[in-house]
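Novice: here is the input, now give the coordinates:
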Amino acid sequence: MQGNVRILLPVVDLITTEIRRVLEEFERQRVGQVRKIVLSGGTAKLPGLVDYFEKQFGRKTEIINPFRDILYPPLLEGVIKDMGPSYAVAVGMALRGFEI
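Specialist: The predicted model follows:
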């Protein structure tokens, strides 16, 4: 992790310990391995977090783009990219509302 973000490393390590426990339990109960980790929420954009998770878990890690399949004006591209992970739950719930 980068620069001032290192101060958060103990907290991130607590989270990685829990993720590791959940992954092991999930893989023990199911057939196959989790191939990718998808981060969401504003904290997903923490500098170096994706790389840190990839090193910790040995799995591809990416930040979710909840607007990936939604049409929006190109003018909003920068805002959507910046704020998108924070709206993952809201976008998912809104899309689910259209399916019911």
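Novice: please make it C-alpha for all contacts and neighbour counts, starting now.
Specialist: Will do.
Novice: regarding Glu62, what is its secondary structure?
Specialist: Judged by DSSP: H, G, I helix; E, B strand; the rest coil, the three-state class of Glu62 is strand.
Novice: what's around it, how many residues?
Specialist: If you count neighbours by other CA atoms under 10 Å, Glu62 ends up with 18.
Novice: which residues touch the closest residue in space to it that isn't next to it in sequence?
Specialist: Once flanking residues are discounted, Glu62 sits nearest to Val38: 5.1 Å by CA to CA, 6 or more residues apart in numbering. Contacts for Val38 (CA atoms under 8 Å, 6 or more residues apart in numbering) come out as Thr61, Glu62, Ile63, Ile64.
Novice: distance to Gly97 and pLDDT added to these, as TSV?
Specialist: Shown next, in TSV, are the contacts of Val38 (distance: CA to CA, whole Å; pLDDT from 0 to 100):
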residue	distance to Gly97	pLDDT
Thr61	28	97
Glu62	26	96
Ile63	23	95
Ile64	20	93
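Novice: could these go into TSV alongside distance to Val11?
Specialist: Below are the contacts of Val38 laid out as TSV (distance: CA to CA, whole Å):
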residue	distance to Val11
Thr61	19
Glu62	20
Ile63	19
Ile64	21
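Novice: what's the closest of those residues to Val12?
Specialist: Ranked by distance to Val12 (CA to CA), the contacts of Val38 are led by Thr61 at 14.9 Å.
Novice: now do the strand or helix carrying Phe26: which elements does it pack against?
Specialist: Using DSSP states H and E, Phe26 maps to helix 9-29. Contact analysis of helix 9-29 by 3 or more CA pairs under 8 Å, 6 or more residues apart in numbering; DSSP states H and E lists helix 49-57 as its packing neighbours.
Novice: dump stretch 61-78 to PDB, keeping only the CA atoms.
Specialist: Presented in PDB, the C-alpha positions along stretch 61-78 are these (Å, rounded to 0.1, in the frame of the first residue of the first chain):
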ATOM      1  CA  THR A  61      -9.000  -8.300  -7.700                       C
ATOM      2  CA  GLU A  62     -11.000  -5.500  -9.300                       C
ATOM      3  CA  ILE A  63     -13.200  -2.600  -8.300                       C
ATOM      4  CA  ILE A  64     -16.800  -3.000  -9.300                       C
ATOM      5  CA  ASN A  65     -18.300  -0.800 -12.000                       C
ATOM      6  CA  PRO A  66     -22.100  -0.900 -11.200                       C
ATOM      7  CA  PHE A  67     -22.800   1.400 -14.200                       C
ATOM      8  CA  ARG A  68     -21.100  -1.000 -16.700                       C
ATOM      9  CA  ASP A  69     -24.300  -2.000 -18.400                       C
ATOM     10  CA  ILE A  70     -26.100   1.300 -17.900                       C
ATOM     11  CA  LEU A  71     -26.300   4.000 -20.600                       C
ATOM     12  CA  TYR A  72     -25.300   7.500 -19.500                       C
ATOM     13  CA  PRO A  73     -24.000  10.600 -21.200                       C
ATOM     14  CA  PRO A  74     -20.200  10.500 -22.000                       C
ATOM     15  CA  LEU A  75     -20.000  13.800 -20.100                       C
ATOM     16  CA  LEU A  76     -20.500  11.800 -16.900                       C
ATOM     17  CA  GLU A  77     -17.700   9.300 -17.500                       C
ATOM     18  CA  GLY A  78     -15.300  10.800 -15.000                       C
END
